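*Asks:* Following is a predicted model, sequence given first.
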Amino acid sequence: MNTNPAPMEGTPLIKPSSTDHPLYDAVVAACRSVHDPEIPVNIYDLGLIYTIEINAEGVVDITMSLTAPGCPVAGDMPGWIEDAIMAVPGVQTASAVLVWEPQWGMDMMSDEARLELGFM
């Protein structure tokens with residue numbers, strides 16, 4: 001029996017990012033500097049970064065996933081993301097949290113990632 005409450009109708013599976021924040025593009029660029037060691041594509045274009053939240057004080061909260069729960073760098077990758085984001089001028093703190101819902105799928109990759117991996 002599933003005891004998890006169903007999401008409210010219209011509630012997105014992935015929380016929207018702070019795309020209108022002035023630091024957003026720089027944080028995305030920082031995320032793109034981190035690569036999955038098993039796949040030659042950055043984790044942003046792989047679709048592993050679900051949400052980038054940035055508040056007025058420059059606190060960045062990342063919600064991310066991995067290609068698979070058994071990924072050998074599961075314990076390391078959030079720290080890699082945090083380190084990359086902390087290098088962005090104006091960022092005060094950064095934290096990355098791994099989630100497994102929704103499950104990552106190849107449909108979350110950018111067109112650039114699909115092209116790089118030969119799926120287009």
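*Replies:* Great, that's in hand. Since we're looking at a predicted model, the values are computed, not measured. Numbering: from 1, shown residues only.
*Asks:* mind listing the strands in the protein by residue range?
*Replies:* For the chain, strands defined by DSSP state E occupy the ranges 49-54, 59-64, 93-98.
*Asks:* Check the spacing between the residue most central in space within the chain and Gly118 real quick.
*Replies:* When Cα atoms, centre = their mean is applied to the chain, the residue found nearest the centroid is Ile49 (1.2 Å). Relative to Gly118, Ile49 is positioned 22 Å away (criterion: Cβ to Cβ, to the nearest Å). (C-beta placed from N, C-alpha, C; glycine too.)
*Asks:* One more: Ile52?
*Replies:* Ile52 sits 28 Å away from Gly118, going by Cβ to Cβ.
*Asks:* So for those two, which sits in the more crowded spot?
*Replies:* With neighbours defined as other Cβ atoms under 10 Å, Ile52 and Gly118 compare such that Ile52 has more, 26 against 6.
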